[in-house]
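Chemist: what's the 3D shape of this:
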Amino acid sequence: MQDPLQERLRRIPAVDQMLLQPCALRWMARTSRGFVVSEIQKLLQETREALRLDDARAVRAVDPEALDAALEERFTARLQPALRPVINATGVILHTNLGRAPLSPAARDRLSSVSGQYTNLEYDLESGDRSHRDRLLEPLIAAILGCESSVVVNNNAAAVFLVLNTLAAGREVIVSRGELIEIGGSFRLPDILARSGAILREVGTTNKTRIQDFENAITPQTALLFRAHPSNYRIRGFTQRPELSELVSLAHSRQLPLVEDIGSGCLMDLGRFGLREEPIAGESLQTGADLISFSCDKLLGGPQAGIIAGAARFVSAIRRNPLMRVCRVEKLVYGALEATLQSYRTGRAFEEIPVLRMISLTAQEIQTRSRRFARKLGAKAPEGTTVTSVKGESVIGGGSFPDCGLPTTVLAVACARSSPNEIEERLRAQDPPIVARLEENRTLIDLRTVLPEQEDDLLRGLLGALT
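Modeler: A predicted model of the protein is given here:
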């Protein structure tokens, strides 16, 4: 009697046979013969191993059509980009896990124009001599912030590190105990201070620090006074914190620099949207801070980078630090950042920068848009689907305005045949993936963070997840 296993193994086609299948021919035209052969060999080997384990699915997979389909699925998965665009339907504007700020159309155009060509990154077109990339955006940043000098590095953590390493290595930095925070990804400010070579001198208590605490801590070993952005951490109630102007006066009276990490890169007053307590870059410099540092991919609305701005003598010292080369950015970042900053310079930031446009949307505008979208979805959704408008709250995210929310209208999507978790999981499997909010056993869609040009893809993805 013939061995059933051997019979099944003999039914597996040879590599040459698989190469004649429609799937293999299509992918050879798009890739290379070597790539296709390699994937076929791996698929056939996996099929043999599954048959030996008596996997019922493998028995069916020996069929040529099934193998062809499995090969198609395999090629698609292999060539799926690791970094993919997604639709952010969570209502979290600066969603760190989703890449924080989406770039403006002008920034995307600039990326396209500089990415595939040579540029004058370190070349002076007038003199024909070598130039310095870290001075490319200095005039533009000076025009916006009113600072003497500035330099761009790869993120705000690098900015803080460079400032401390340059100005305070081996000496003391005085910081309020209430500002020694940890933010997402286990990033701790004390660790950055320690790695920079500076010596941390904590003053005050967790909830109360007075200007006298700073004054009493100053010694000949003091290099600078440091004020840190609290990120997504706030202390309420019985609290006290010195005003920036007090710290500036104290620092300058002792011939010390005052450095402020303002974190989120807020360049404009957002108080009219109910968003307060975020330091504004230009105002910190006007108050007298010698150096400030901040992120570019948060409230500023640009690419990931960090800016150090302030007194020329301190920025010049930072430029001379050998670690500046470790932290410098490349041409794509400069291109996208310049285009973003130009929107501020021309007074078009709220019209052109997606983050600011999302923040400025009123509750009425979101409600109107949500109702219109709900009608479209309801007209095409399968039987048993309900779409309900619910009052909710969008949040800024990215460690900005943790106590403030923006009124919104969210869509609660339900299906009689699927749980909220199943719907949410299927949404993530769409192309492009859709990231929704799960709250109170409901799948919620907040259109505030969905770009207008993504609405058709969102509708198609929702229908796919509900069907």
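Chemist: the stretch 101-250 of the chain: strands as residue ranges?
Modeler: Along the stretch 101-250 of the chain, counting by DSSP state E, counting those that start in this stretch, strands occupy 149-153, 172-176, 182-183, 187-188, 199-203, 222-227.
Chemist: and those strands, which one is worst for confidence?
Modeler: Looking at the strands of the stretch 101-250 of the chain, the lowest mean pLDDT belongs to strand 182-183 (a mean of 66).
Chemist: that older thread, reformat the strands of the stretch 101-250 of the chain as CSV; add mean neighbour count and distance to Ala309.
Modeler: Using the backbone N, CA and C atoms, a C-beta is placed for each residue, glycine as well. Formatted as CSV, the strands of the stretch 101-250 of the chain follow (neighbours: other CB atoms under 10 Å; distance: least, CB to CB, whole Å):
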stretch, mean neighbour count, distance to Ala309
strand 149-153, 24, 4
strand 172-176, 23, 19
strand 182-183, 16, 21
strand 187-188, 12, 22
strand 199-203, 19, 24
strand 222-227, 24, 15
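Chemist: can you pull the contacts of the spatially closest residue to Val175 that is not a sequence neighbour?
Modeler: Nearest residue to Val175, sequence neighbours excluded (CB to CB, 6 or more residues apart in numbering): Phe226, at 4.8 Å. Residues near Phe226 by CB atoms under 8 Å, 6 or more residues apart in numbering: 164, 173-175, 259-261.
Chemist: repeat that for 10 Å
Modeler: Counting by CB atoms under 10 Å, 6 or more residues apart in numbering, Phe226 touches 160, 163-164, 167-168, 173-176, 179, 189, 193, 198, 200-201, 214, 247, 251, 257-261, 291.
Chemist: same question, Pro407
Modeler: 274, 362-364, 366-367, 391-394, 448.
Chemist: which SS class is it?
Modeler: strand (DSSP: H, G, I helix; E, B strand; the rest coil).
Chemist: for Arg130, which non-adjacent residue is spatially closest?
Modeler: According to CB to CB, 6+ apart, the nearest residue to Arg130 is Glu122 (5.9 Å).
Chemist: count of neighbours near that neighbour?
Modeler: By other CB atoms under 10 Å, 14 other residues sit near Glu122.
Chemist: please apply the same query to Arg357.
Modeler: By other CB under 10 Å, the residues close to Arg357 number 17.
Chemist: from Ile199, how far out is it?
Modeler: 44 Å (CB to CB, to the nearest Å).
Chemist: let's see which of the contacts of Pro407 end up in strands.
Modeler: 391-394 (DSSP state E).
Chemist: from those residues, which is closest to Asn88?
Modeler: Checking the ones in strands among the contacts of Pro407 against Asn88 with CB to CB, the nearest one is Ser394 at 10.9 Å.
Chemist: in this structure the closest one contacts Gly274, no?
Modeler: No. Here Ser394 does not reach Gly274: they are 11.5 Å apart, not a contact under CB atoms under 10 Å.
Chemist: if I look at the two, which residues touch both of them?
Modeler: With CB under 10 Å, 6+ apart, Ser394 and Gly274 have common neighbours 359, 405-407.
Chemist: show the buried residues in these.
Modeler: 359, 406 (16 or more other CB atoms under 10 Å).
Chemist: pLDDT and distance to Arg100 added to the shared contacts of Ser394 and Gly274, as TSV?
Modeler: Below are the shared contacts of Ser394 and Gly274 laid out as TSV (pLDDT from 0 to 100; distance: CB to CB, whole Å):
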residue	pLDDT	distance to Arg100
Ile359	97	14
Gly405	89	18
Leu406	95	17
Pro407	95	22
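Chemist: quick one, domains of the chain?
Modeler: As assigned by automatic domain parsing, the chain contains the domains 4-78, 87-95+358-466, 104-352.
Chemist: so how far is the first one off the chain centroid?
Modeler: The reference is to domain 4-78. Distance of domain 4-78 from the chain centroid (CA atoms, centre = their mean, to the nearest Å) equals 39 Å.
Chemist: what mean pLDDT does it have?
Modeler: Rounded mean pLDDT across domain 4-78 is 84.
Chemist: measure that domain end to end?
Modeler: 33 Å (CA to CA, to the nearest Å).
Chemist: quick one on the thing from earlier: on the strand side of things, show who the residue nearest to Val175 bridges to.
Modeler: Val175, Val259 (DSSP bridges).
Chemist: follow-up on the earlier one: neighbour-wise, which of the ones in strands among the contacts of Pro407 leads?
Modeler: Compared across those, Ser394 has the highest neighbour count, 25 neighbours, by other CB under 10 Å.
Chemist: contacts only, for it.
Modeler: Shown in contact with Ser394 (CB under 10 Å, 6+ apart): 90-93, 358-359, 361, 363, 366, 405-410, 437, 446-449.
Chemist: give me the pLDDT for it.
Modeler: 95.
Chemist: could you find the closest non-adjacent residue to it?
Modeler: Gly91 (4.0 Å).
Chemist: that neighbour contacts Val390, doesn't it?
Modeler: No. Using CB under 10 Å, Gly91 is not in contact with Val390, being 11.6 Å away.
Chemist: more neighbours, the two?
Modeler: Neighbour totals were compared for Gly91 and Val390, and Gly91 leads with 27 against 15 (other CB under 10 Å).
Chemist: what's near enough to touch that one?
Modeler: Gly91 neighbours (CB under 10 Å, 6+ apart): 358, 366, 392-395, 397, 405-406, 408, 410, 436-437, 439, 444-450.
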